[in-house]
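In: the amino acid sequence is not available; the structure is as follows:
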């Protein structure tokens with residue numbers, strides 16, 4: 001099944017590339033060749049998500065299929081690496097191509113903050129809502145996700161939620177036993193949950209957060225059953241709904257110790 005799938009996907013990638021590139025850049029009719037296909041089949045077996053991730057990465061419209069395929073193949077000869085490492089590291093290391101050394105740590109920190117939040121959210125959010133929740137520019141979120149379409153479902157609609165294409169990507173990112181190359185992308189779950197806790201609390205207490213009569217009813221004591229969903233969605237945007245519902249979830253999963261006088265105590269009293 002994986003053999004048939006990869007054979008079909010690489011033919012599709014070749015045909016789409018040849019339709020949009022000049023003739024001197026065409027991929028040959030037998031590309032990528034039987035030996036390479038056999039190697040990819042061996043890499044993917046028995047995980048279908050590996051085959052799907054490879055084909056999405058190689059066929060990404062933002063790159064050249066030959067270059068993308070060479071990146072995948074390079075990791076097949078890189079020491080003792082797990083199957084998921086050979087699958088996901090080619091995708092992740094593309095984020096650091098042509099990035100100067102001093103900027104690499106900044107790029108990796110941004111990855112951990114944005115993508116780390118996506119993989120640990122209790123409920124998926126759109127890029128616009130995620131930007132509001134994290135209090136960063138939406139263009140920074142979009143820029144981080146631009147080269148991750150082979151591992152994340154990033155809809156063209158800015159109000160539709162971003163999804164993981166497969167839970168194995170989350171498992172790979174939170175795994176602690178990576179090589180030095182993989183560790184720079186590792187998500188520390190406790191730190192990321194604490195980061196999300198801080199962002200939720202900051203949002204709830206901001207000028208865009210909680211306030212009296214938030215749905216503008218003008219009737220103190222109105223029952224929830226009397227308020228229609230359209231009013232709630234109009235007055236309480238998705239990112240604020242998320243912070244209301246899940247700030248405690250992130251505290252619990254971050255292993256945070258609560259004490260009198262801390263920011264949680266202050267928030268509850270306020």
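Out: Nice, I can see it. Model, not experiment: these values are computed from the prediction. Numbering: from 1, shown residues only.
In: buried residues of stretch 37-52, list them for me.
Out: 40, 41, 43, 44, 47, 49, 50, 51, 52 (16 or more other CB atoms under 10 Å). For every residue, glycine as well, the C-beta is placed using N, CA and C.
In: okay, and the third one sits in which element?
Out: Using DSSP states H and E, the element containing residue 43 is helix 34-44.
In: and the next element down the chain from that helix?
Out: Next along from helix 34-44, by DSSP H and E: helix 48-58.
In: return the distance of the helix or strand following that next one from the chain's centre.
Out: Where DSSP H and E defines the elements, the next helix or strand beyond helix 48-58 is helix 65-74. Averaging C-alpha positions (CA atoms, centre = their mean, to the nearest Å) puts helix 65-74 22 Å from its chain's average.
In: what pLDDT, on average, does the helix holding residue 43 get?
Out: Helix 34-44 shows a mean pLDDT of 88.
In: and that helix with helix 65-74, angle?
Out: Relative orientation of helix 34-44 versus helix 65-74 (axes from the mean of the first three to the mean of the last three CA atoms, to 10 degrees): 50 degrees.
In: tell me what helix 34-44 is packed against?
Out: Helix 34-44 sits against helix 2-20, helix 48-58, helix 65-74, helix 83-93, with contacts defined as 3 or more CB pairs under 8 Å, 6 or more residues apart in numbering; DSSP states H and E.
In: switch those helices over to a markdown table; also include distance to residue 36 and mean pLDDT.
Out: Converted to a markdown table, the helices and strands packed on helix 34-44 look like this (distance: least, CB to CB, whole Å; pLDDT from 0 to 100):
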| stretch | distance to residue 36 | mean pLDDT |
| --- | --- | --- |
| helix 2-20 | 9 | 90 |
| helix 48-58 | 11 | 87 |
| helix 65-74 | 7 | 87 |
| helix 83-93 | 14 | 85 |
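In: I figured residue 107 hits residue 95, correct?
Out: Yes. Between residue 107 and residue 95 a contact is recorded at 6.3 Å, counting by CB atoms under 8 Å.
In: between these two, who's got more neighbours?
Out: residue 95 (19 against 15; other CB atoms under 10 Å).
In: got a list of what that one touches?
Out: 107, 111, 144, 147, 148 (CB atoms under 8 Å, 6 or more residues apart in numbering).
In: most distant residue from the middle of the protein?
Out: In the chain, counting by CA atoms, centre = their mean, residue 219 sits farthest out from the average C-alpha position, at 41.4 Å.
In: report pLDDT for that residue.
Out: Per-residue pLDDT puts residue 219 at 88.
In: that's a helix at it, yeah?
Out: No. Using DSSP: H, G, I helix; E, B strand; the rest coil, the assignment for residue 219 is coil, not a helix.
In: and it, how far from residue 128?
Out: 31 Å (CB to CB, to the nearest Å).
In: residue 42 now?
Out: Counting by CB to CB, the gap from residue 42 to residue 128 is 41 Å.
In: report the helix or strand with the lowest average pLDDT across the chain.
Out: Ranked by mean pLDDT, DSSP states H and E, the weakest helix or strand in the chain is helix 180-183, scoring a mean of 74.
In: buried residues in stretch 118-138, which are they?
Out: Across stretch 118-138, burial judged by 16+ other CB under 10 Å covers 118-121, 125-134, 136.
In: for residue 17, state which of these is nearest.
Out: Among those, residue 127 lies closest to residue 17 (CB to CB), at 27.7 Å.
In: coming back round to it: so which elements touch whichever helix or strand comes after the least confident helix or strand of the chain?
Out: Where DSSP H and E defines the elements, the next helix or strand beyond helix 180-183 is helix 189-204. Applying 3+ CB pairs under 8 Å, 6+ apart, one finds that helix 189-204 contacts helix 101-120, helix 127-134, helix 238-254, helix 263-269.
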